[in-house]
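Student: Give me coordinates for this.
(chains A, B and C)
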Amino acid sequence: MNIDRIISALLLWYNQNKRDLPWRQTRDPYKIWLSEVILQQTRVEQGLPYYLKFIEQYSNIFKLAKAPIDEVLRTWQGLGYYTRARNLHKCAKTIVEQYKGKFPEARSELLKLPGIGPYTSAAIASISFGKKEAVVDGNVIRVITRLFGIEEDISSLKTIKRVTSIAESLITNSNPDIFNQAIMEYGATQCKPNKPLCEECIFMDICISRIKNIQHKIPLKSKKIKKRKRFFNYLVIRFNNRMLMKKRNGNDIWHGLFEFLLLEAESEKDFMELQLPSVLKKFSNYWVLETISPSFKHVLTHQIIDCKFYEIKFSKSITIENYDWFSYEEVEILPKSILIDRYLREKIN
DNA sequence: TATCCGTGGGC
DNA sequence: TGCCCAAGGAT
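Tutor: Numbers count the residues shown, from 1 in each chain, chains lettered A, B, ... in the order given. The predicted structure is shown next:
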């Protein structure tokens, strides 16, 4: 296949069709890094408002590094994959403390930073520092496997290595950053996962998968995700216009976000079946169950959560280990999952 | 290496 | 409705 022709067609297309996005108007590694982390597994339409918020709130890496983690998580709230936000903050601190606020230029150095992997390191190195490093993301994998008719399973490392090798053979000596962005943009807007725009494709006559009419089967992904069912029962405990909440930790979902007192069960339970904390049994005369919410269904990548909220009003202050009382104004500011946030908003309305 | 981590949109 | 999947990284 004519490599030079692929490259020139792609660059011409990009020059005429690229979307005008804020991070395309700069080489500032801080902004490029921020946009790349936000866009990990995230569509531009979903990430863009968050990018603008972060830039406004944290105009440089020193401000981000100095910010409390709860505030960073609150700004990230709703974007998902919250490890990204915690690593974003960690990375900002590392760069301020160990690199005097300046991003390292070598891909190998970038790779050592938290939250920066093979893709993001190549993106920053090429876009911010002009390094000839080929990015391999979902878009690049899709464009290359289709164009070259690669029918192998992309779950295997071998296939990814093959795609990477092709990407490296394509990347231009001059303006590798533009090539990287061009091929990603082409994958995002033309060579889309569903309904690729083959009728207007610049590679129409050379795309192996189109010629063989197997575009819809490429890239091949063998593994399918199993979703685990979970049953959450939240006790929304109130006293004197305050609510009892705690920060989630451990290896579970929503690490770093705040929630109410959680009683997880193996199956759907009624209130009477729940294993209430001993404090509630001890002070049973000091609280009433006011309302039980309808079931909230929350779908994540590997889980489906069936959730109910039990609103309990206390006439006496209690103490439960690891939980703290928060006023409604404080609750509003705490970082929370969309599930909790949705419940609170429906309650207000 | 396989599995986990969110949320929203498309069909 | 249920399933796919989106500018990945960590473990």
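
Student: Pull the contacting residues for the nearest residue to A:Phe129 once chain neighbours are set aside.
Tutor: In space, A:Phe129 comes closest to A:Glu105 once its chain neighbours are excluded; the distance is 4.4 Å by Cβ to Cβ, 6 or more residues apart in numbering. Any C-beta I mention is one placed from the backbone N, CA and C, and that applies to glycine too. When contacts are counted by Cβ atoms under 8 Å, 6 or more residues apart in numbering, A:Glu105 touches A:125, A:128-129, A:131.

Student: Wait, a strand at A:Glu105?
Tutor: No - A:Glu105: not assigned to a strand; according to DSSP: H, G, I helix; E, B strand; the rest coil it is coil.

Student: For it, give its distance to A:Ile127.
Tutor: 12 Å (Cβ to Cβ, to the nearest Å).

Student: can you check A:Ile206 too?
Tutor: To A:Ile127, A:Ile206 is 27 Å away according to Cβ to Cβ.

Student: Show me which residues of chain A sit near DNA strand B.
Tutor: Residues of chain A lying close to DNA strand B by Cβ under 7 Å from any atom of the strand are A:41-43, A:45-46, A:78-83, A:155-157, A:194-195, A:223, A:225-226, A:228, A:251-255, A:298-303, A:337-339.

Student: and A:Gln190, what does it touch?
Tutor: A:Gln190 makes contact with A:13, A:196-197, A:200-202 under the criterion Cβ under 8 Å, 6+ apart.

Student: how about a cut-off of 6 Å?
Tutor: If you count contacts by Cβ atoms under 6 Å, 6 or more residues apart in numbering, A:Gln190 has them with A:Leu197.

Student: Please identify the helix or strand for the residue nearest the centre of chain A.
Tutor: Taking Cα atoms, centre = their mean, the centroid of chain A lies closest to A:Tyr81, which sits 4.2 Å from it. For A:Tyr81, there is no helix or strand it lies in under DSSP states H and E.

Student: how near is whatever residue of the stretch 1-150 of chain A ends up closest to DNA strand C to A:Pro49?
Tutor: For the stretch 1-150 of chain A, the residue closest to DNA strand C is A:Gly117, as judged by Cβ to the nearest atom of the strand, at 2.6 Å. Counting by Cβ to Cβ, the separation of A:Gly117 from A:Pro49 is 24 Å.

Student: With A:Lys131 instead?
Tutor: Distance from A:Lys131 to A:Pro49, counting by Cβ to Cβ: 30 Å.
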